[in-house]
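Q: any chance you can model this:
(chains A and B)
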Amino acid sequence: MTEIMRLPTDTVAMSAPATDASPLPASPPRNWRKAQRQLAALGWAALSIGLFAAIWEALWYFDKINPLLLPPPHLFLQDIPGTLKFFDRSNRVGSVASGGGVGALGITMFWTTLRVFTGLALGFVSGVAVGATLHYVRWLRNLLMPTVLLLAPISPVAWLPVAIFVFGIGDVPAIFLVFITVFFTIVLSTSAQIESVPVNYIHVARIMGATQTQLFWRVILPSILPSLFMTLRLNLFGAWMVVLIAETVGVGTGLGQIISMARATFNAKLVFFTMAVIGALGFLSDWGLRQIQRRMLWWVAPNRGGV
Amino acid sequence: MVRPAVSIRNVGKTWDVEGRPPLRAIDDLSFDVAPGEFVVLLGPSGCGKSSLLYMIAGLEGVSNGVIEDDGIAISGPSPERGLIFQEASLFPWLTILDNVAFGLAIRAELPERRKEKAREILRRVGLGDVLDKKPDELSGGMRQRAAFARALVMQPRVLMMDEPFAALDVQTRAKLQDFLLQIWQDSGASVLLVTHSIDEAISLADRVIVFTARPGRVKEIVPIDLPRPRPTRSPRYHEYRDYFTELLAAEVDKAFAEQSGL
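A: Take a look at the predicted model:
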């Protein structure tokens, strides 16, 4: 059946090329359908989060949880100006709660996010560079791969003291920790992905006369990027976890520091408020990476790793 | 006497796989391909016909003998010797147009010029309306035509194909075979096509080179003396078919015996 179905398309295309292959007709209905889908997704998201909050609130209402320890959303979102007092404008170590207000919250979020993305970008770019070098330079691979394999499984958290010894207190140890979270994974993944580039792609490029450099930039890199980017996205949440730990200990500012202070002062509302902020930021940054993926890797469906 | 487009002289190929005895894939193979000739390589699987194509393409080295391209020994790949695979192998990150223009981009031709050339050739293969599509938006047959266009745009003198229609359904295959004959006649290139389909060999070839089972040698060279197009119902066609079936039967048996013996 499928064979017979496919024939007309091909015949048409061969004599007088076919028009748009897509089965959907004009564009307005398609946009409409897309809007409907997005609306439905939004509805489900609201339902999911609403249900989660509702159960929490119900537990509080029926006195099953202590509001001092686990304040439900309506409590920790109640006194936002009061909560924001604890945020700091300066991003300087030791100047806790000097400002407050929405601006201070924004600045704190900005610095934490910047640390995450700087670390991710550095880790990704150098991971691809090192991974590719290790793949192509045999003696270097023999020399370095055992060490890489030894270091890769060490949790980034274990690197924290090292980061502080070497870089001191400040932004660098936090960025370094994020860097470590993605670097080794990307190195190993790059090396493995280059291995699995379809050999015919390479044959085509060689027949066309591509040099080694052209082969890498025009064939190897685009063919491994989708799955590397997927690896990056999978490690994004890890990066968010790690940056908070680094901020708690080695930075002295940022959202992690707020959480740590809230714990020390037994301020459960501030803990949950900051957790909500972190959750939203993590979600938004994944959305941001998806947008980058859509633009940069336009040939890959957004939720697939490609290949 | 015209100089052959490709000349294969006493070529052998041995595969050395670690921990196994060396595998003799091709042994003392010799034949010529005339300019503009359509040659089909027919043989049981594993007889080294694909390896031969890769060696002519310059992607693999020969173990013995020499392959000459227009009188010069082949030392590496060249766009003059295009190769088309069973899978279209288009780059998914390029549009159809950019896929076809890829070789020209490697050659550093100006963007306007290469787009124009690619557009022109895609129009010729009937893909003028899907220039900006992604490869995975096209049917298998259309993708394979784009792969033809990608090779043709480099104006090859030799066009090699490694079972180019094997992954397609029967109807598409028939269409594409007609299409191939047409572009072959237009381009004037020599074609070397690997297949294990007797029908494909008879309907396309000027000459069919029948391979023995491993190690691959020339068993027989059979010119197909039929005017094109070649209806499958004609009595001559059937004579050829019976002849090839008999030639191959013995070799297939041998190949089978070797495989089950392993």
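
Q: name the residues of the stretch 1-150 of chain B found near chain A, please.
A: Proximity of the stretch 1-150 of chain B to chain A is confined to B:57-59, B:77-79, B:81-83, B:85, B:87, B:89, B:91-93, B:102-103, B:105-107, B:126-130, B:133-134, B:137-142, B:145, B:150 under the rule C-beta under 8 Å from any C-beta of the partner chain. Any C-beta I mention is one placed from the backbone N, CA and C, and that applies to glycine too.

Q: selection in PyMOL covering whichever of the residues you listed are buried, please.
A: What follows is the PyMOL syntax selecting those of those that are buried according to 16 or more other C-beta atoms under 10 Å in any protein chain shown:
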select buried, chain B and resi 57+58+59+77+78+79+81+82+83+85+87+89+91+92+93+102+103+105+106+126+127+129+130+133+134+138+139+140+141+142+145+150
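
Q: sort out for me which of the residues of the stretch 1-150 of chain B next to chain A are in helices.
A: Members of the residues of the stretch 1-150 of chain B next to chain A lying in helices (criterion: DSSP state H): B:57, B:102, B:103, B:105, B:106, B:140, B:141, B:142, B:145, B:150.

Q: ok, now which ones touch the fourth one?
A: If you count contacts by C-beta atoms under 8 Å, 6 or more residues apart in numbering or on different chains, residue B:105 has them with A:218, B:98, B:111, B:114.

Q: can you do 10 Å?
A: For residue B:105, the contact set (C-beta atoms under 10 Å, 6 or more residues apart in numbering or on different chains) comprises A:208, A:210, A:214, A:218, B:94, B:98, B:111, B:114, B:115, B:118.

Q: sitting in helices, which of these do you find?
A: Secondary structure assignment by DSSP H places A:214, B:98, B:111, B:114, B:115, B:118 of the contacts of residue B:105 in helices.

Q: looking at those residues, which one is closest to residue B:42?
A: Residue B:42 has its nearest neighbour among the ones in helices among the contacts of residue B:105 in residue B:118, at 33.2 Å by C-beta to C-beta.

Q: my guess is the closest one meets residue B:104, correct?
A: Yes. A contact is recorded between residue B:118 and residue B:104 when judged using C-beta atoms under 10 Å, the distance being 7.0 Å.

Q: joint contacts of these two?
A: Taking C-beta under 10 Å, 6+ apart as the criterion, residue B:118 and residue B:104 both touch B:150, B:153.

Q: give me the more crowded residue out of the two.
A: Each of residue B:118 and residue B:104 has its neighbours counted (other C-beta atoms under 10 Å in any protein chain shown); residue B:118 has more, 25 against 22.

Q: now do that one against residue B:24, distance only.
A: According to C-beta to C-beta, to the nearest Å, residue B:118 and residue B:24 sit 42 Å apart.

Q: what's the burial count for residue B:211?
A: When neighbours are counted by other C-beta under 10 Å, residue B:211 registers 27.

Q: and it, what does it touch?
A: Neighbour list for residue B:211: B:26, B:29, B:41-44, B:46-49, B:52, B:194, B:196, B:217-220, B:247-248, B:251 [criterion: C-beta under 10 Å, 6+ apart].

Q: make it 8 Å
A: With C-beta under 8 Å, 6+ apart as the criterion, the residues that contact residue B:211 are B:41, B:42, B:43, B:44, B:47, B:48, B:49, B:217, B:218, B:219, B:251.

Q: can you give me every residue that contacts the closest residue to residue A:80 other than its chain neighbours?
A: Nearest residue to residue A:80 in three dimensions, chain neighbours excluded: residue A:273, at 7.8 Å (C-beta to C-beta, 6 or more residues apart in numbering or on different chains). With contacts defined as C-beta under 8 Å, 6+ apart, the neighbours of residue A:273 are A:76, A:77, A:80, A:83.

Q: so which strand or helix has the closest residue to the second one other than its chain neighbours?
A: Once flanking residues are discounted, residue A:77 sits nearest to residue A:273: 7.0 Å by C-beta to C-beta, 6+ apart. Using DSSP states H and E, the element containing residue A:273 is helix A:268-296.

Q: go on, residue A:74?
A: Secondary structure (DSSP H and E) places residue A:74 in helix A:73-76.

Q: so, low pLDDT: which residues of chain B?
A: Judged against pLDDT under 70, the low-scoring parts of chain B cover residues B:1, B:259, B:261-262.

Q: out of the contacts of residue A:273, who's nearest chain B?
A: Looking at the contacts of residue A:273 and their distance to chain B, the nearest is residue A:77, at 45.0 Å (C-beta to the nearest C-beta).

Q: how much space separates that closest one from residue A:101?
A: According to C-beta to C-beta, residue A:77 stands 16 Å off from residue A:101.

Q: helix or strand with the lowest mean pLDDT in chain A?
A: For chain A, using mean pLDDT, DSSP states H and E, the weakest element among its helices and strands is helix A:2-15, scoring a mean of 40.

Q: what's the longest helix anywhere in chain B packed up against?
A: With residue count as the measure and DSSP H as the assignment, chain B has helix B:235-261 as its longest helix. Counting contacts by 3 or more C-beta pairs under 8 Å, 6 or more residues apart in numbering or on different chains; DSSP states H and E, helix B:235-261 packs against helix B:198-204, strand B:207-211, strand B:218-223.

Q: ok, now with 10 Å
A: strand B:38-42, helix B:198-204, strand B:207-211, strand B:218-223 (3 or more C-beta pairs under 10 Å, 6 or more residues apart in numbering or on different chains; DSSP states H and E).

Q: what angle separates that helix from strand B:218-223?
A: Our comparison of helix B:235-261 with strand B:218-223, counting by axes from the mean of the first three to the mean of the last three C-alpha atoms, to 10 degrees, yields an angle of 160 degrees.

Q: could you give the number of residues near the residue in the stretch 201-307 of chain A that chain B sits nearest to?
A: Here the residue of the stretch 201-307 of chain A nearest chain B is residue A:208; by C-beta to the nearest C-beta that distance is 3.7 Å. Here the neighbour count serves as a burial measure; for residue A:208 (other C-beta under 10 Å) it reads 25.
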